[in-house]
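> predicted structure and sequence below. I'll ask about it afterward.
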Amino acid sequence: MHLKLQHTTRYTYETPVRGVVQMLRLTPRPYDGLHVVRWRIDVDHDATLKPSEDSFGNIVHSFCAEGPLDALTVTVEGEVLTEDTSGILHGTQERLPLGLYLRQTPLTTADRTIADFARDAADGRDRLDALHALMAALSDRMTFDVDVTHVHTTADEAFADAKGVCQDFAHIFIAAARSLKFPARYVSGYMRQSDGREHYEAGHGWAEVHVPGVGWIGFDPTNAICATDAYIRVAIGLDYLDASPVRGVRTGGAHETLDVSIQVQHGASQQ
Amino acid sequence: MAGVMGKTAKGSEPIGSGKPFDEMNGFDGECREAYRALKDWLEETPTDLLDQRKLEAEALFRRSGITFAVYGDKDAEERLIPYDLIPRVLSGAEWNRLSEGLTQRVQAINALIVDLYSKAEILKAGIIPEELIYANPAFRPEMIGIAIPGNVPVPIAGIDIVRVDADDFYVLEDNARTPSGVSYMLDNREVTHLLFPDLLGRNRVQPVERYADELLAVLESLKPVNSSGDTTIVVLTPGSYNSAFYEHSFLADKLGVELVEGRDLFVRDDILYMRTTQGPKRVDVVYRRVDDDFLDPLTFRPDSMLGVPGLFSCYRAGTVTLANAVGTGISDDKAIYSYMPEIVRFYTGADPLLHNVPTWRCREPEALAYVLDHLGELVVKEVHGSGGYGMLVGPASTQAERAAFSEKLKKQPDNFIAQPTLALSTCPTYVDGCIAPRHVDLRPFVLTGASGTRIVPGGLTRVALREGSLVVNSSQGGGTKDTWVLEE
């Protein structure tokens, strides 16, 4: 699929800030299922975007903008060609040992209820079947709700409420998969919904699970499907914190307002 | 014994059971050579004088701000660590043996950490189970693939040593994260100088004062390859509310470098700077006393106010050295400890010179069964724990405590290891107007730079002031002693 992306993040500061330091994971690394035609990040201030890589192999850009600043806008514009591989990933950069992806993190700790839920859902099924059953069960159990959780909500908190956003669905799925001894990780990126909608208020988050003999597979528990060519996979990590599109610190300034606008378009018509 | 790693010198016999070894009087009451002069002095010195010196020592500590009690909070008492007047003595020959063993162990620890964050050969060789490393929160994936300056992730290590007889030294714990306590080593010596000016010379005690110079040389030797001309070193502290703040400021002062908090530093384009009255000054080496989690809110805990945003990117880019590196705490883990003899063999090709205390890993079912059956004889510790908290000292426990602990053990066996109760050696200690034997341990500080390992002769001796107590931690009523290593 030919996808065009435009992602604008605008911070407005109630009182001017002295400076902003940010670390962006907003650039996809190509693999067999994703070809980057063009990709560009802009910051509307005089700042050098320093490219680097983290230990997961994510492409990172950092910058420091010196104030006083009333507002700051980060823009991402890109164009990619994706392929539907039924969620199975080939040609990805694998820098870290598989065993590391079995680790629980504070955001992805499987408490007894999640571990029991995972075991019941898998019900002795083998590998892929177990994961599909888990995804279906989770999707039945959870309700998508943008008003209940926040970025610091942990898997077990969201699971107890049975409500949350894609980040919560992914964290629970990751925690559950790890409790079944599958290496699992968080993915941040974008997706184009099948209803043809172009505008979104947030990026997307899903999970990848490693299945012996198959490799890494993208599971999107929010939509109860494996990742398709409608997904743009950008960054990975043990949980949301590692794969966050933006991590930043500002000095000075009072309250900030955040506006995010994302547009994912089918690119074919314009080519 | 199932699950026991690390053979003791005496095979599978219990270690140091029975009467403890006294470092002055041995097992049989005959004064050991190294203590002869000190013992004579103790015998000829009236207790009035000792009482007088004890008061003077307290006054000295208070006046120079050496105590941790200066903040006046309710924990102050806990932080006032008593100094015992009577030094602990090691002969030159004993020290040489110990020092060789420490060098070997710390070189192995450095090699282990470099390996774990690069090729992980030791895991491929099947020597340590992979999940013990990768599931461990002290192992930091962020470090994987980073070139560590000088291949020395642990320039400063504190290795806790105990002995049970005249011959053998045992490592009780490795501290490769941010070992503290060196200020006591230096302060205690200074106080001995002031109180008993002729005693040190008469006993031909090797000096410890060059510790700061050694540390400075080690830190300078590890400056990043891409550093500026002059090397700028700073000590990074979490601030004056930290319980070890005194030591941070003490060390900065002795090193002659700036003591900074996170807010005194900033990052521009992957270079670390310090704010100074003359403008920004580039920093090359950070002796950091801030934990991994709090070092950089952009990479570690996002809510940390103690670190420097972007610091870890500088480290990754090779423009700054962190001493110690991030993720070195993995070797402090007590489950990893149990593999240390194999780790030493793997990286040095030689048998370990220092003994490990035999350790049951409760994650292994057979070992767990043994531990549950023998709780009354064993010391059970949390694998990630420190400071003497969260442990069960079998022989000193009640039936109810053991029952409660057994439940904890069964629930989370991975979280615990068990060791035999060691009859730690004792040293003469001045308590309530009498000289009496009290149990001790020793933390020497092992410095490793680009050109090798050096150890200032001595360390921090901690002493359990309560009669019969084996717990020397300052948080549990322990005191400290000046530690003498005699010239050969």
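Cool, got the structure. As the structure is a computational prediction, the values presented were derived from the model and not from experiment.

> break chain A into its domains for me.
Taking automatic domain parsing as the reference, chain A has its domains at A:2-81+A:246-270, A:85-243.

> who in the stretch 51-200 of chain A is up against chain B?
A:52, A:54-56, A:60, A:62, A:64, A:95-97, A:99-100, A:102-104 (Cβ under 8 Å from any Cβ of the partner chain). All C-beta atoms are positioned from the backbone trio N, CA, C, and that covers glycine.

> in strands, which of those residues appear?
Counting by DSSP state E, these place A:52, A:60, A:62, A:64 in strands.

> let's have the domains of chain A in CSV, adding mean pLDDT, mean neighbour count and distance to B:Arg268.
Converted to CSV, the domains of chain A look like this (pLDDT from 0 to 100; neighbours: other Cβ atoms under 10 Å in any protein chain shown; distance: least, Cβ to Cβ, whole Å):
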stretch, mean pLDDT, mean neighbour count, distance to B:Arg268
domain A:2-81+A:246-270, 93, 17, 6
domain A:85-243, 95, 19, 24
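
> what helix or strand is whatever residue of the stretch 251-400 of chain B ends up closest to chain A on?
Using Cβ to the nearest Cβ, B:Pro309 is the residue of the stretch 251-400 of chain B that sits closest to chain A, at 4.1 Å. In this structure, B:Pro309 is located outside every helix and strand according to DSSP states H and E.

> just give the number of residues close to it.
B:Pro309 sits with 28 neighbouring residues when counted by other Cβ atoms under 10 Å in any protein chain shown.

> so what does the biggest helix by length in chain B touch, helix or strand wise?
The longest helix of chain B (DSSP state H) is helix B:92-116. Counting contacts by 3 or more Cβ pairs under 8 Å, 6 or more residues apart in numbering or on different chains; DSSP states H and E, helix B:92-116 packs against helix B:121-124, strand B:156-163, strand B:169-175, helix B:340-348, strand B:445-449, strand B:452-455.

> and if we set it to 6 Å?
Under the contact definition 3 or more Cβ pairs under 6 Å, 6 or more residues apart in numbering or on different chains; DSSP states H and E, helix B:92-116 sits against helix B:340-348, strand B:445-449, strand B:452-455.

> and the last one, average pLDDT?
It stands for strand B:452-455. What strand B:452-455 shows for mean pLDDT is 96.

> what's the next secondary structure element after it?
Heading C-terminal from strand B:452-455, the first helix or strand you meet, by DSSP H and E, is strand B:460-464.

> now swap in the longest one and tell me
For helix B:340-348, the following helix or strand on the C-terminal side (DSSP H and E) is strand B:355-356.

> how far out from the middle of the chain is that next one?
Between the centre of strand B:355-356 and the centre of its chain there are 16 Å (Cα atoms, centre = their mean, to the nearest Å).

> what does it rub up against?
Contact with strand B:355-356 is made by B:6, B:168, B:170, B:340-341, as judged by Cβ atoms under 6 Å, 6 or more residues apart in numbering or on different chains.

> now the longest helix of chain B against helix B:340-348, angle please.
Helix B:92-116 and helix B:340-348 meet at an angle of 80 degrees, taking axes from the mean of the first three to the mean of the last three Cα atoms, to 10 degrees as the criterion.

> show me which positions of helix B:92-116 end up buried.
Applying a neighbour-count criterion of 16 or more other Cβ atoms under 10 Å in any protein chain shown, the buried positions in helix B:92-116 are B:94-95, B:97-99, B:101-116.

> give me the packing partners of the strand or helix carrying A:Trp39, helices and strands only.
Element membership of A:Trp39 [criterion: DSSP H and E] is strand A:34-43. Counting contacts by 3+ Cβ pairs under 6 Å, 6+ apart, strand A:34-43 is packed against strand A:59-82.

> interface residues of chain B facing chain A?
Applying Cβ under 6 Å from any Cβ of the partner chain, one finds that chain B approaches chain A through B:130, B:134-135, B:141-142, B:144-145, B:268-269, B:297-298, B:309-310, B:313.

> which outside residues touch the strand holding A:Trp39?
Counting contacts by Cβ under 6 Å, 6+ apart, the residues outside strand A:34-43 that touch it are A:26-27, A:30, A:61, A:63, A:74-82.

> point out where chain B drops to low pLDDT.
For chain B, residues meeting the criterion pLDDT under 70 lie at B:1-17, B:64-80, B:228, B:385-389, B:474-477.

> show me the helices in the stretch 351-488 of chain B, by range?
Along the stretch 351-488 of chain B, counting by DSSP state H, counting those that start in this stretch, helices occupy B:365-373, B:399-411.

> now do the helices in chain A.
Counting by DSSP H, one finds helices in chain A at the ranges A:112-122, A:127-141, A:155-161, A:166-179, A:240-243.

> domain parsing for chain B?
Residue ranges of the domains in chain B are recorded as B:1-208+B:329-357+B:422-488, B:225-319, B:358-420, according to automatic domain parsing.

> quick one, strands of the stretch 201-350 of chain B?
Defined through DSSP state E, counting those that start in this stretch, the strands belonging to the stretch 201-350 of chain B, from first to last, are B:233-236, B:258-260, B:265-268, B:271-274, B:281-282, B:285-288, B:321-323.

> tell me what the second one is packed against?
It refers to strand B:258-260. Applying 3+ Cβ pairs under 6 Å, 6+ apart, we find strand B:258-260 packed against strand B:233-236.

> again, only using 7 Å
Packing partners of strand B:258-260 (3 or more Cβ pairs under 7 Å, 6 or more residues apart in numbering or on different chains; DSSP states H and E): strand B:233-236, helix B:245-255.
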